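S.K.: coords please:
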Amino acid sequence: FRAEDVILKMMREEDEVFLSDPEGGTAPRDVEYTRIFGSDDATRTSTGENKVPASVRRGDRFDDLNVVINDPKVKRLQRKRSSQRSESSEDDYASGPCGNGATKPLMHPRQRSKGQLTPQQRRVRRCCGYALYLLLAAAGLLGLAFGIVLVVRNYADSWLHIEKSPTWRDRRIVGCSSLVVDDVWIVGIPKLITESSFRLVDVNRDGVDDILFGFATGAEGYKVPDLVCDIYFNGTHPCLGGILALDGRDGTELWRHYSQHEIYAVNCMRDMDNDGTKDCLIAGRVGVSWVDVPDGRESYYSPVLYTRRDGTDVVLFGTGGETHPGSLWYIALDDLYHGDIDKAQQIIHNPYKGFMTPPVLLDLTGDGIKDLVFASYNSTVLAYDGENYNLLWNFSYPMSETYA
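M.R.: Numbering: from 1, shown residues only. Below you'll find the predicted structure:
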């Protein structure tokens with residue numbers, strides 16, 4: 001190597017780069033670079049000082065690069081240059097040869113060394129990578145399991161042809177936001193009045209439910225001469241009450257039967273003669289056995305009969321009125337036959353309004369037993385389990401009243 005070539009190479013390279021010698025060795029990292037100017041014998045540093053190591057001359061050749069690098073004077077220049085660079089944060093510049101004020105950096109910008117990880121850091125990084133992979137795998141497995149559960153839950157019944165009977169808990173109940181009523185038909189029945197509830201029975205077996213209800217003529221409680229029946233009811237005797245059937249399609253009268261007194265209680269729950277059509281039990285003001293209700297209140301209620309799971313026939317009845325408190329009661333039919341009204345049990349009590357209309361019987365819970373849905377006069381609708389009389393749900397419409 002020539003001395004100037006070695007020094008120029010040291011100047012061009014960054015001190016992080018290893019310089020190779022002819023024997024394959026490497027020069028130290030902390031080499032100080034200088035630059036050769038004009039003189040054959042002078043080595044000028046960036047501070048402008050001429051420093052010529054005695055053992056290094058321009059044109060000298062060396063077999064070992066370490067001869068130049070390890071020269072004591074070169075090392076002193078290295079230490080001095082390092083102290084000057086630490087005191088100044090700006091790059092060194094030298095004036096251009098033309099004297100026009102142009103500047104030129106003495107060396108390339110210093111490259112920062114790339115930090116290397118220690119073995120412990122590499123082990124930590126590997127462990128973190130493994131943990132991340134495990135978390136990703138666990139998340140994927142959880143997502144797959146969740147998807148399988150959803151598919152099985154939504155489609156297993158259809159795949160296996162399993163049919164479930166829906167209960168009231170499975171159904172979504174949506175309330176009415178508005179109500180529009182259209183008249184299907186309107187029928188006027190002259191000379192008759194009624195306080196009876198309507199009952200639906202397919203009387204003519206045309207597939208459409210017909211309407212049955214009890215009626216009165218308004219002459220109840222008076223000694224009515226036979227002439228009244230002759231004049232107003234075409235000679236029909238008796239003519240003070242009865243039951244009427246109307247066609248559900250158009251309101252046409254199907255038949256009419258008269259009785260001695262007003263009929264206000266109609267029950268059409270059973271097919272008594274097994275002919276495929278439900279039969280009706282009716283009652284009025286006379287010809288019946290009377291018994292006081294347990295709370296001594298007034299009653300406008302049409303009793304309802306239904307059968308519990310153990311085969312017991314139960315009678316439902318209500319007490320109270322528009323302005324009087326009342327309750328809903330039940331009693332076994334056998335106890336009622338014997339007049340044991342004290343065995344009646346209270347289902348619910350309303351301290352302000354009574355229970356005036358009979359309930360709707362339907363199986364809400366899916367247990368095969370009819371449940372009770374009814375309303376009190378203050379527009380509170382309630383649903384009770386027909387087996388144990390526990391409350392299922394209730395709904396109140398404030399500031400209103402109902403006879404339904």
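
S.K.: so what's residue 245 bridging to?
M.R.: On the basis of DSSP bridges, residue 245 is bridged to residue 212, residue 255.

S.K.: so who does it touch?
M.R.: Residue 245 makes contacts with 201, 203, 210-212, 253-256, as judged by C-beta atoms under 8 Å, 6 or more residues apart in numbering. To be clear about C-beta, it is placed using only N, CA and C from the backbone, and glycine gets the same treatment.

S.K.: number of nearby residues for the residue nearest to residue 397 when sequence neighbours are not counted?
M.R.: In this structure, residue 397 finds its nearest non-sequential neighbour in residue 379, 4.3 Å apart by C-beta to C-beta, 6 or more residues apart in numbering. By other C-beta atoms under 10 Å, 16 other residues sit near residue 379.

S.K.: thinking again about what came up before, of the contacts of residue 245, which is the most crowded?
M.R.: Most surrounded of the contacts of residue 245: other C-beta under 10 Å gives residue 212, at 23 neighbours.

S.K.: Which parts of the protein are helices?
M.R.: 3-12, 66-69, 72-87, 119-160, 226-232, 333-337 (DSSP state H).

S.K.: Could I get the CA-only coordinates of the last one as PDB?
M.R.: So that's helix 333-337. The C-alpha atoms that make up helix 333-337 are tabulated as PDB, following Å, rounded to 0.1, in the frame of the first residue of the first chain:
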ATOM      1  CA  LEU A 333    -117.700 -27.400  40.300                       C
ATOM      2  CA  ASP A 334    -118.500 -30.100  42.900                       C
ATOM      3  CA  ASP A 335    -118.200 -27.600  45.700                       C
ATOM      4  CA  LEU A 336    -120.500 -25.200  43.800                       C
ATOM      5  CA  TYR A 337    -123.100 -27.900  43.400                       C
END
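
S.K.: Name the residues that touch it?
M.R.: With C-beta under 8 Å, 6+ apart, helix 333-337 has contacts from 291, 305, 312-315, 341, 343-344.

S.K.: 7 Å instead, please
M.R.: 305, 313-315, 343 (C-beta atoms under 7 Å, 6 or more residues apart in numbering).

S.K.: Out of those residues, list just those in strands.
M.R.: Applying DSSP state E to the contacts of helix 333-337, the entries found in strands are 305, 313-315.

S.K.: mind putting these in JSON lines, pLDDT, distance to residue 151 and neighbour count included?
M.R.: What follows is those, written out as JSON lines (pLDDT from 0 to 100; distance: C-beta to C-beta, whole Å; neighbours: other C-beta atoms under 10 Å):
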{"residue": "305", "pLDDT": "87", "distance to residue 151": "49", "neighbour count": "15"}
{"residue": "313", "pLDDT": "91", "distance to residue 151": "49", "neighbour count": "12"}
{"residue": "314", "pLDDT": "92", "distance to residue 151": "46", "neighbour count": "17"}
{"residue": "315", "pLDDT": "92", "distance to residue 151": "51", "neighbour count": "18"}
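
S.K.: and stretch 246-253, how far apart are its ends?
M.R.: 4 Å (C-alpha to C-alpha, to the nearest Å).

S.K.: With stretch 378-389 instead?
M.R.: 21 Å.

S.K.: Show me which positions of that stretch end up buried.
M.R.: By 16 or more other C-beta atoms under 10 Å, the buried positions in stretch 378-389 come out as 378-386.

S.K.: circling back to that earlier point, and which of the contacts of helix 333-337 is nearest residue 395?
M.R.: Ranked by distance to residue 395 (C-beta to C-beta), those are led by residue 314 at 24.6 Å.

S.K.: Confirm for me that residue 266 is in contact with residue 212.
M.R.: Yes. Here residue 266 reaches residue 212: they are 6.1 Å apart, a contact under C-beta atoms under 7 Å.

S.K.: Distance of the closest residue to residue 380 other than its chain neighbours relative to residue 346?
M.R.: Leaving aside its chain neighbours, residue 380 sits nearest to residue 396 (4.6 Å; criterion: C-beta to C-beta, 6+ apart). With distances taken as C-beta to C-beta, to the nearest Å, residue 396 is found 20 Å from residue 346.

S.K.: same check, this time on residue 379
M.R.: Using C-beta to C-beta, residue 379 is found at 21 Å from residue 346.
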